[in-house]
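# Sequence first, then the predicted structure, then my questions.
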Amino acid sequence: MSGSCAGTEQAAPRTKKPDWLRVKLPIGESYKNVRNLVDTHKLHTICESGNCPNMGECWGAGTATFMILGNICTRSCGFCAVATGRPEAVDWDEPQRVAEAIYLMKVKHAVITSVDRDELKDGGSIIWQNTIKAVKALTPGTTLETLIPDFKGEKENIQRIIEAAPEVVSHNIETVERMTRQVRIQAKYSRSMEVLKYLKDNGMRTKSGLMLGLGETKEEVLQTMRDLRESNVDVITLGQYLQPTQKHLPVVRFVHPDEFAEYTEAGYEMGFDYVESGPLVRSSYHSEKHVFEGIGKAGWLRKKELMGC
């Protein structure tokens, strides 16, 4: 892992999280039902692997983000709680198990993501394609968001996702260009932008996300947002980075909700179709609202009218 880049603020000693980051513990029957389905079908969820602060809310609503291709990643990003190492063999029955779980959950919208599988020639794209097809075959009324890796930018593998035709394809830029090497060690900022542009050029509704509080500046965040718009990304999410363990990158600062509100305004002014910006926002948070064109921008315009702006 590379050291802090020039100009990066040094992390302050660990302090108590501000009140706006407090969440309720997961409880309720819906939460228990999702918990049982995940355990019974031996599924992995990024909700658990990523220590998501919204797990109680989302599972309580009967939704979850499924993680395919195992729970061991070939990359070692400094922010991510998913284990790094040598993954197990591909489980070719996994697509059907995921589809059956989504069917049993009776959800109208599902999110699927995966670890990076750089050791595979296809990058895991065949399992990805099979999973999307299995879900659509078993529950044709379910809309899908697929949060994909960069597949090293290899078009053949990205094309498999496009051919499976999920409603939304998401690929997270995660951080600003200056900090990419530190935060996403094996990734490239330009390559991620190219992946997003290729997806959009081939008819996909696209989405990307940023974590804040790692040492980036406000202008760098705005520039990254502009870069994403240049790649014609439709939906953007911005949320607070939270350190999973002491071994991960530290939180440099807790971004105030008012600053997140400023990014919402800036995003819509730049032309994003949907902006999800707030301290507890994660890539798949409220993702069911990100499927349909115009909803986010229309809501923003109505709010401005009510405020007399």
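The structure has been received and is ready for your questions.
# for residue 18, what are its contacts?
Counting by C-beta atoms under 8 Å, 6 or more residues apart in numbering, residue 18 makes contact with residue 254. In short, each C-beta sits where N, CA and C put it, glycine included.
# can you tell me how far it sits from residue 233?
Plainly put, residue 18 is 29 Å away from residue 233 if you go by C-beta to C-beta, to the nearest Å.
# And for residue 152?
From residue 152 to residue 233 the distance is 20 Å (C-beta to C-beta).
# what's the answer for residue 298, then?
Going from residue 298 to residue 233 by C-beta to C-beta gives 18 Å.
# Give me the more crowded residue out of those two.
Neighbour count, other C-beta atoms under 10 Å: between residue 298 and residue 233, residue 233 has more, with 25 against 12.
# What strand or helix carries the spatially closest residue to residue 168 that is not a sequence neighbour?
Distance criterion C-beta to C-beta, 6 or more residues apart in numbering; nearest residue to residue 168, sequence neighbours excluded, is residue 145 at 4.1 Å. Using DSSP states H and E, residue 145 falls within strand 143-147.
# do residue 90 as well
Using DSSP H and E, residue 90 maps to neither a helix nor a strand.
# Quick check: it touching residue 114?
No - in this structure, residue 90 is not within contact of residue 114 by C-beta atoms under 8 Å, at 11.1 Å.
# any residues in contact with both of those two?
69, 124, 127.
# Quick check: the last one touching residue 95?
Read it as residue 127. Yes - with contacts counted by C-beta under 8 Å, residue 127 reaches residue 95, the gap being 6.4 Å.
# what do the two both touch?
Common contacts of residue 127 and residue 95 (C-beta under 8 Å, 6+ apart): residue 68.
# Can you tell me which of the shared contacts of residue 90 and residue 114 is closest to residue 189?
Using C-beta to C-beta, residue 124 comes nearest to residue 189 of the shared contacts of residue 90 and residue 114, at 22.0 Å.
# Please identify which helix or strand holds residue 264.
Going by DSSP H and E, residue 264 is in helix 257-270.
# I'd like to know which helix or strand in the protein has the lowest mean pLDDT.
Counting by mean pLDDT, DSSP states H and E, the chain has its least confident helix or strand at helix 46-49, which shows a mean of 51.
# tell me which residues of the helix holding residue 264 are tucked away?
For helix 257-270, the neighbour count (16 or more other C-beta atoms under 10 Å) marks 257, 260, 263-264, 266-268 as buried.
# List the strands paired with the helix or strand following it, with their directions.
Where DSSP H and E defines the elements, the next helix or strand beyond helix 257-270 is strand 274-277. Here strand 274-277 is paired, per DSSP bridges, with strand 235-240 (parallel).
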